[in-house]
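Trainee: predicted model and sequence follow; I will ask about them next.
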Amino acid sequence: MPAQTDSTYAQDLHLLNDNTDTVELVGDAGARVTVAPAFQGRVMTSTLAGQDGASFGWLNAEVIAAGAEDETFNNYGGEDRFWLGPEAGQFGLFFTDGEPFDLDHWKTPAGFNSGAYEIAAQNDTSVAMQRRFDVANYSGATFACDVSRTVNLIDRTKAAQLVGAPLGDVSMVGFESVNVLTNAGPAWSTDTGLVSIWILGQYKPLPRGKVIVPFVTGDDARLGPAATTDYFGPLPPERCRIGDGHLLFACDGRFRSKIGVSPARAKNALGSFDPDAGVLTVVTFNLPAEASGWAYVNSLWEVQDNPFAGDVVNSYNDGEAAPGAGQLGPFYEIETSSPAAKLGPREFITHLHQTMHFAGETDALAALAGPAFGVDLASLA
C-alpha cells in the first residue's frame, strides 16, 4: 500500500480507524481534525470541507496498515507530532556516544517514538493527553519527562487574531497543540545538555508549492545569516530563494534538504502556499519576546562549538539521501521549537503550535499572507 499523497479526509479517516483508535474534533462548516492517541498523541490530518474534502496531513499508509513497531522511526505521518530536540551534536538525543552522525546510526528515542498517550479529557472540540518517559542524550545525561498535550480546534475568530487580518471569503480549518514538558527528576543543566519541545508537521508534497518563512531583516554581521540552508550539504539556489524579509523553500518531496531560522531572525509564523489547490497554510507559535537572548538547542549533525545556538523554526523537504537509497515519504515538514528547557524539579515549559489551512481565491488568500508573512502571494501563484 503506497503512502497517502492524494486522498480525501474520509479515505484517511477510514485508514486510521481500521488500524488504531482515533479522536475526531468537529468544527463548523466542514472543519474536522483527527487525533491518534496511540500514535504518540499525533494530530494525523484535517480538512475544511467535510468527509469528501481534501486531507491535509501526509499519512504513511503502508506503515499504519502494517501495525509493526520500527525502533528507528515509527513514521506514521501526521500534521503535528511531539518530539524533543536536539537531534544531534554532543547533547543530541538521536545518536549514541561514539557513533558517527549519519543516517545509519540515527534512531528516534523510544520515549517519543512508541507508546500511547493516555486521554485525560475530551469533548467535541478538544482532547487532552499525557505521557511519562525518560530520554538520554549523546553525553549520557538522562531526562525524566512528564508531557501533556492538549489539541484544540481553532475557530474563525481566533484564526483572524493569529493571522492578523479578517478572514474574508475563505474556508478554513485550524487546530493548536498545547505542549507542556515538566521535569520529573533532578535539575537539568547546560553542562550536561538541555532538551526542547520540537513540534513537526508532515504534509503532502506540493509540486509547485513553496514553504514561506518570514525573517527579521538586518545586517548579517549583527544578526547572522538569514537562514541555515546547509543541513545536508549545499542547497541549490532554485530550491531556496532568500528575498527581502522572507525565504521561499521548495517542498515537492523530491530533494532531501532542510532550512532553519535562528532566534535573532525568527518571527512567530511560517507556512506554505499551494497554487494548484488554492490553499494557504499558516503555522504560528509562542515565540518569546527578545528570542535572541534565549538558548535554543543545536541539531546540526556534528560535535558543535555552540550547542545552544540552534534554530527556532525549520522546514524539511524529503528526498533520497543518495541515488537509489529510497526515501521516507515523499512529504515536507514545517517545524517549530521551544527554547532550551533549563528546568528544576517539577518546573515546566509550554510550547504552542497552531496550524491553520485556508482555501479560496488567490486575492482572498493574499489578504491573509500579507499580514502573516509579509509576502505578495499573487507573485507566487
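Mentor: Yep, it's here.

Trainee: pLDDT score for residue 320?
Mentor: Looking at residue 320, its pLDDT stands at 88.

Trainee: for the residue most central in space within the chain, which three-state class applies?
Mentor: By C-alpha atoms, centre = their mean, the mean C-alpha position of the chain lies nearest to residue 200, the distance being 2.0 Å. Put simply, residue 200 is strand when judged by DSSP: H, G, I helix; E, B strand; the rest coil.

Trainee: try residue 35
Mentor: strand.

Trainee: numbering from 47 from now on, please.
Mentor: All set: I'll call the first residue 47, so the last point we hit is now residue 81.

Trainee: give the contact list for it.
Mentor: Each residue near residue 81 by C-beta atoms under 8 Å, 6 or more residues apart in numbering is listed here: 68-71, 87-90, 173, 175, 197. All C-beta spots, glycine's among them, are computed from the backbone N, C-alpha and C.

Trainee: now these: which count as buried?
Mentor: 68-69, 71, 87-90, 173, 175, 197 (16 or more other C-beta atoms under 10 Å).

Trainee: for the stretch 97-246 of the chain, which segments are assigned as strands?
Mentor: In the stretch 97-246 of the chain, the strands defined using DSSP state E, counting those that start in this stretch lie at 127-131, 164-169, 172-182, 188-199, 217-229, 242-249.

Trainee: should've said the stretch 247-396 of the chain
Mentor: Under DSSP E, counting those that start in this stretch, the stretch 247-396 of the chain gives strands at 256-260, 286-288, 292-296, 303-307, 315-320, 325-331, 359-363, 378-383, 394-405.

Trainee: want to throw the ones you listed into JSON lines with distance to residue 130?
Mentor: Formatted as JSON lines, the strands of the stretch 247-396 of the chain follow (distance: least, C-beta to C-beta, whole Å):
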{"stretch": "strand 256-260", "distance to residue 130": "22"}
{"stretch": "strand 286-288", "distance to residue 130": "27"}
{"stretch": "strand 292-296", "distance to residue 130": "24"}
{"stretch": "strand 303-307", "distance to residue 130": "17"}
{"stretch": "strand 315-320", "distance to residue 130": "20"}
{"stretch": "strand 325-331", "distance to residue 130": "16"}
{"stretch": "strand 359-363", "distance to residue 130": "14"}
{"stretch": "strand 378-383", "distance to residue 130": "10"}
{"stretch": "strand 394-405", "distance to residue 130": "11"}
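
Trainee: tell me where the longest helix sits in this protein.
Mentor: Counting residues, the longest helix found in the chain (DSSP state H) is helix 408-419.

Trainee: send me it as CSV with only the CA atoms.
Mentor: Extracted as CSV, the C-alpha positions of helix 408-419 are listed here (Å, rounded to 0.1, in the frame of the first residue of the first chain):
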residue,chain,number,x,y,z
THR,A,408,-5.8,34.0,-4.6
ASP,A,409,-6.9,37.5,-3.8
ALA,A,410,-8.6,36.4,-0.6
LEU,A,411,-5.6,34.3,0.4
ALA,A,412,-3.2,37.1,-0.4
ALA,A,413,-5.1,39.3,2.1
LEU,A,414,-4.0,36.8,4.8
ALA,A,415,-0.5,36.1,3.5
GLY,A,416,0.5,39.7,3.6
PRO,A,417,-0.1,40.3,7.3
ALA,A,418,1.0,36.8,8.3
PHE,A,419,4.2,36.6,6.2
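
Trainee: which intervals of the stretch 47-196 of the chain have sub-threshold pLDDT?
Mentor: By pLDDT under 70, the weakly predicted segments of the stretch 47-196 of the chain are 47-51.

Trainee: re earlier: go through the strands of the stretch 97-246 of the chain and name the closest to residue 146.
Mentor: Closest to residue 146 of the strands of the stretch 97-246 of the chain is strand 172-182 (C-beta to C-beta; 18.2 Å).

Trainee: ok, residue 420 to residue 283 distance?
Mentor: Applying C-beta to C-beta, to the nearest Å, the value for residue 420 to residue 283 is 21 Å.

Trainee: ok, these two, which is more surrounded?
Mentor: residue 420 (17 against 9; other C-beta atoms under 10 Å).

Trainee: follow-up on the earlier one: between the strands of the stretch 247-396 of the chain, which one is closest to residue 191.
Mentor: So among those, strand 394-405 is nearest, using C-beta to C-beta, at 10.2 Å.

Trainee: helices and strands around that closest one, which ones?
Mentor: The contact analysis (3 or more C-beta pairs under 8 Å, 6 or more residues apart in numbering; DSSP states H and E) places strand 394-405 against strand 88-93, helix 202-209, strand 217-229, strand 242-249, strand 325-331, strand 378-383.

Trainee: okay, these, which one's buried deepest?
Mentor: Among those, ranked by average contacts under mean count of other C-beta atoms under 10 Å, first place goes to strand 88-93 (a mean of 28).
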